[in-house]
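S.K.: generate a structure from the sequence data that follows.
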Amino acid sequence: MSRIGRKPIPLPKGVDVKIDGSEVTVKGSKGSLSFGIMSGISVSIDDGKVVVKRANDEKNIKAAHGMTRAILSNMVTGVSQGFEKALEIIGVGYRVQMQGKNLVLALGFSHPIELAPPVGIEIAVDGPTKVIVRGIDKQLVGQVAANIREYRPPEPYKGKGIRYVGEYVIRKAGKAGGK
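M.R.: Here you go, the predicted structure:
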């Protein structure tokens, strides 16, 4: 049996889980998320914990077992605490600012890049070189942060670009020079 899939998910105070057929809805202080369960996977609530079980040992059911448990666990964490990703911008003249709800990035292109956050995502700017992406959906927070990073990923020679806070960029030596 899946090591991840068989772990029960503890429900913190203020989090409510409703199971309606193959649809699981999780509500908490930060919002509400729902997820469709694959056939062959069953979800139940026992003693304030969410338990995910599978019907048989087919390969695709076994794969979905741990994934379903992980997604439900992330939903519970998201509606109770939320998720955030922090990005830092490194480079001369590279900066970021907010214009209303839109994020405006100056990354050395001939034009500024304007990015409107999707529904359920909050983008905050901490100084001219730090961006914080917050939300309750872990996948959406990570995707928005990856999309922002994609505009100017860190390059290996000078390290300029957008990187996650704490990300290590392997640096390369430049040309050795002429003879």
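
S.K.: tell me the contacts of residue 5?
M.R.: Counting by C-beta atoms under 8 Å, 6 or more residues apart in numbering, residue 5 makes contact with 52, 54, 65-66, 68-69. Any C-beta I mention is one placed from the backbone N, CA and C, and that applies to glycine too.

S.K.: tell me which of the residues you listed fall in strands.
M.R.: 52, 54 (DSSP state E).

S.K.: what is the nearest of the contacts of residue 5 to residue 159?
M.R.: Relative to residue 159, the closest of the contacts of residue 5 is residue 66; by C-beta to C-beta it sits at 36.6 Å.

S.K.: domain map for the chain?
M.R.: Domain assignment of the chain by automatic domain parsing yields the ranges 9-80, 83-164.

S.K.: could you point out the longest strand in the chain?
M.R.: If you go by DSSP E, the chain has its longest strand at strand 83-90.

S.K.: follow-up on the earlier one: with pLDDT and neighbour count added, can I get the contacts of residue 5 in JSON lines?
M.R.: Converted to JSON lines, the contacts of residue 5 look like this (pLDDT from 0 to 100; neighbours: other C-beta atoms under 10 Å):
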{"residue": "52", "pLDDT": "94", "neighbour count": "27"}
{"residue": "54", "pLDDT": "92", "neighbour count": "21"}
{"residue": "65", "pLDDT": "93", "neighbour count": "23"}
{"residue": "66", "pLDDT": "91", "neighbour count": "18"}
{"residue": "68", "pLDDT": "94", "neighbour count": "26"}
{"residue": "69", "pLDDT": "94", "neighbour count": "23"}
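
S.K.: of the contacts of residue 5, closest to residue 117?
M.R.: residue 68 (27.8 Å).

S.K.: got the contact list for the residue nearest the centre of the chain?
M.R.: What sits nearest the mean C-alpha location of the chain, by C-alpha atoms, centre = their mean, is residue 142, with 2.8 Å. By C-beta under 8 Å, 6+ apart, the contact list for residue 142 reads 83, 85.
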